[in-house]
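Colleague: The sequence and its predicted three-dimensional model are supplied below.
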Amino acid sequence: MDIIRKLAEELQVRPGQVKAAVELIDEGNTIPFISRYRKEATGALNDEVLRNLDVRLRYLRNLEEKKEQVIASIEEQGKLTDELKAQILSAETLVAVDDLYRPYRPKRRTRATIAKERGLEPLANLILLQQISRSLEEEAKAFVDPEKDVLDEQAAIAGAMDILAENISDEAGYRSYIRERTMKKGKLISQAKEEGAESVYEMYYDFEEPLTKLAGHRILALNRGEKEKFLTVKVEAPEEDILRYLNKKVIRKENPYTTPVLRAVCEDSYRRLIAPAIEREIRSDLTEKAEDGAIRVFGKNLEQLLMQPPITGQVVLGWDPAFRTGCKLAVVDSTGKVLDTVVIYPTAPQNKVKEAKAVLKKLISKYHITLISVGNGTASRESEQVIVELLKEIPDPVQYVIVNEAGASVYSASKLAAEEFPQFDVGQRSAASIARRLQDPLAELVKIDPRSIGVGQYQHDMNQKKLGETLEGVVEDCVNKVGVDLNTASASLLEYISGITKTIAKNIVTYREENGRFTDRRQLLKVAKLGPKAYEQCAGFMRITGGSQPLDATSVHPESYEAALRLLTGLGYEPGDLSKGTLNGISRKIRDFKKTADELGIGELTLRDIVKELEKPARDPREDMPKPILRTDVLSMEDLRPGMILRGTVRNVIDFGAFVDIGVHQDGLVHISQICDRFIKHPLEAVAVGDVVDVQVLSVDLKKKRIALTMKVQQETVAK
């Protein structure tokens, strides 16, 4: 297989782009580095395409390796033909290779292998070739042998039929047809395991849907319902069509002695051997595709969450709500440093609201707190009511935000949190994390396993290795898009930078603590275990403000410094002008980008990136994202009425819709059909995590705690 050509077709890019990307990956370059600093080579393939290319490259290489192993194994058995070898080499999936290898794979003892040991294969061949002109019983007499445990004619015929059934099931062409036919015409059926049992799976108690129409979220829900023993799930195949096909393939002519037997053999082969295997394969394939879809959605949601804009320059009070153990508070200054921690008890059973307000007023006055970040967990609702009452009692302009605290408890109990806050208990660490994830979501959320952040669906049911790899890639891409301040970034943040391992990240922090601030990117080469290759990969993503080289504060790579400085000089600027922010019109002074790039000895794409960075040095791409909604008042579900129009923040996007936080501690669901007026295949086509949207209440179910919303709100209605 020509892997380069195959990847180019799948990704719909030029073979030259794929070839260059593969070579760069094989040389040990990271995806963020290739995406940002090797645009000329790859034709500006972005990180998403490059990651898909990397995944498919590994699959196709594994496929080629598997083909070599299979060919070698069959050749060793002396059974490899030119035709079979050509079929294996042209196979495009691991399943197709397995089908071709099945007849030659070493088998455990089966009914067929036992029958062969008893010398019944010649009888099986006679039946298959339909070369029998008398009754099978008479033909089978010659194979009766009590010493081989073939006691009579019926035992001989049964053994021969077992051999034929297995041979049919091993035929790659038959399995391929049956798999394809089942996928096209089959259904997935589920029923309740126990009549009358109540569960969240009630909609699947009597469910059936064509395999071709099954949505990914349904497949994952059915799998979970089956795993939790609420459902029985099975594939219903077009059995009549399949048996008709097998009969036509196996029975070449009518023979009164062998035709009925071969029909029975086909039926046994399909029902006993082929159907269960095909059902497992189809369900496995459906699950894998559903998981891949869910992982993609999780990845997109995580990206949007990580890229939410930081709220800078404010002293934030982090509030981890609770009942019995009290609400843990942490005051965090604008740099993320924890100034104070305290526990208050305004919620049940203590209900010390007055005392809690007194503590809060002192904290706000002492530290000039302007923002309260409240976790959305247990007792969040009650905490919010206290905060709203407090804000009405004080003259200070303080606002609050409800923050998704998913993963905060995981972080606060982790070894990393213990190292960062050895003097704090778990609750205090959690409160500090809740405050910081508002100040800089990316820097704080990288400390948490992405799977614990809670912006996916069925994440605990899917392939954890694949999910983990995908989400790690998303975090890596986000961190490198934003870049990090080399003098303030934590080891947790640094380890996601291109080319930096956990060990090197810790070494950078250690070097910083022992030697003081970095003043030049080249000092990175003095960090233990950070060699020239790692430096090449990471340098462009590390920022140094106020260092000896102004370009260190930008995303211009050190390999392009000479060209960048020549460009500035040629246009009449000084390097120091960069820090003054006086280079806004630089692009207008370049008449011919291609000619200028040639003169500087760099590519045109690289030149355009340099100019963009010089005009807006270290611009944070998160600036374009919608800001969180700051609140000063509280709503409850009881306050909601159909027709009400509210502004909310998208918290999660799933296959069938989006959950929107409208400030009532129960996210409302906007079904995919209510997201926009045009047809969309997936909600992500129209909405993303972090989006601030106008929604209208359709219905409220207080008993089930469900809110149905629509985004099809007329602008004139919103204005009212």
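Modeller: Looks like it arrived, so ask away.

Colleague: for the stretch 251-400 of the chain, what spans make up the strands?
Modeller: For the stretch 251-400 of the chain, the strands defined by DSSP state E, counting those that start in this stretch occupy 316-320, 327-332, 338-344, 371-375, 399-403.

Colleague: Tell me which of those sits most buried.
Modeller: Greatest average neighbour count among the strands of the stretch 251-400 of the chain goes to strand 316-320 (a mean of 29), per mean count of other CB atoms under 10 Å. Glycine gets a C-beta too; all of them are placed from N, C-alpha and C.

Colleague: Now stretch 619-638: buried residues?
Modeller: Going by neighbour count (16 or more other CB atoms under 10 Å), the buried part of stretch 619-638 is Asp620, Arg622, Met625, Pro628, Arg631, Val634, Met637.

Colleague: Settle this for me: the second one is touching Thr312, isn't it.
Modeller: This means Arg622. No: with contacts counted by CB atoms under 8 Å, Arg622 stays clear of Thr312, the gap being 10.7 Å.

Colleague: Go through the buried residues of stretch 619-638 and name the one nearest Asp152.
Modeller: Comparing these against Asp152 with CB to CB places Met637 closest, at 76.0 Å.

Colleague: Return the residue spatially closest to the closest one, with its sequence-adjacent residues excluded.
Modeller: In space, and not counting its chain neighbours, Met637 is closest to Val664: 5.2 Å by CB to CB, 6 or more residues apart in numbering.

Colleague: and if you look at Leu246?
Modeller: Nearest to Leu246 is Cys266, by CB to CB, 6+ apart, at 4.1 Å.

Colleague: Could you do Val265 as well?
Modeller: Leu164 (4.6 Å).

Colleague: okay, now the one you found: neighbour count?
Modeller: Residue crowding around Leu164 was assessed by other CB atoms under 10 Å; the count is 26.

Colleague: List the backbone torsions phi and psi for it.
Modeller: phi -60, psi -40 (degrees, to the nearest 10).

Colleague: And His460, by the same measure?
Modeller: Dihedral angles (degrees, to the nearest 10) for His460: phi -80, psi -10.

Colleague: what's the answer for Ala505, then?
Modeller: Taking degrees, to the nearest 10 as the convention, Ala505 sits at phi -60, psi -40.

Colleague: Can you tell me how far it is from Leu486?
Modeller: According to CB to CB, to the nearest Å, Ala505 and Leu486 sit 11 Å apart.

Colleague: Between those two, which has more neighbouring residues?
Modeller: Counted by other CB under 10 Å, Ala505 and Leu486 do not tie: Leu486 has more neighbours, with 25 against 22.

Colleague: got a pLDDT number for the more buried one?
Modeller: pLDDT, Leu486: 96.

Colleague: out of everything not next to it in sequence, what's closest to it?
Modeller: In space, Leu486 is closest to Met542, 4.4 Å off (CB to CB, 6+ apart).

Colleague: right, and the one you found touches Arg521 too?
Modeller: Yes: the pair Met542 / Arg521 is scored as a contact, 6.1 Å apart, by CB under 8 Å.

Colleague: Flag the shaky bits of this protein, pLDDT-wise.
Modeller: The model of the chain has pLDDT under 70 over residues 581-582, 634, 714-720.

Colleague: Nearest spatial neighbour of the residue positioned nearest the centre of it, chain-adjacent residues omitted?
Modeller: Residue closest to the mean C-alpha point of the chain, counted by CA atoms, centre = their mean, is Ile295 at 3.0 Å. Nearest residue to Ile295, sequence neighbours excluded (CB to CB, 6+ apart): Thr470, at 5.0 Å.

Colleague: got it, and Val426?
Modeller: Closest to Val426 by CB to CB, 6+ apart is Ser412, at 4.7 Å.

Colleague: list the contacts for the residue nearest to Leu246?
Modeller: Contacts of Cys266 were listed using CB atoms under 8 Å, 6 or more residues apart in numbering, and they are Ile168, Leu243, Leu246, Asn247, Val250, Ile251.

Colleague: want to throw those into a markdown table with secondary structure?
Modeller: Putting these into a markdown table (DSSP: H, G, I helix; E, B strand; the rest coil) gives the following:
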| residue | secondary structure |
| --- | --- |
| Ile168 | helix |
| Leu243 | helix |
| Leu246 | helix |
| Asn247 | helix |
| Val250 | helix |
| Ile251 | coil |
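
Colleague: Show the buried residues in those.
Modeller: Judged by 16+ other CB under 10 Å, buried ones among these: Ile168, Leu243, Leu246, Val250, Ile251.

Colleague: List the residues that contact the nearest residue to Gly336 once chain neighbours are set aside.
Modeller: Sequence neighbours aside, Arg436 is the residue nearest to Gly336 in space, at 5.4 Å (criterion: CB to CB, 6+ apart). Arg436 sits next to Val316, Gly318, Val332, Gly336, Ala443, Glu444 when contact means CB under 8 Å, 6+ apart.

Colleague: thinking again about what came up before, any idea what the residue nearest to Leu486 is bridged to?
Modeller: Val484 (DSSP bridges).

Colleague: from memory Val49 sits against Gln12, does it?
Modeller: No: assessed by CB under 8 Å, Val49 is found out of contact with Gln12, at 9.4 Å.

Colleague: of these two, who's got more company?
Modeller: Neighbours were counted for Val49 and for Gln12 using other CB under 10 Å; Val49 has more, 19 against 7.

Colleague: strand partners of the helix or strand harbouring Ile707, parallel vs antiparallel please.
Modeller: Using DSSP states H and E, Ile707 sits in strand 706-710. Here strand 706-710 has these sheet partners by DSSP bridges: strand 668-671 (parallel), strand 692-701 (antiparallel).
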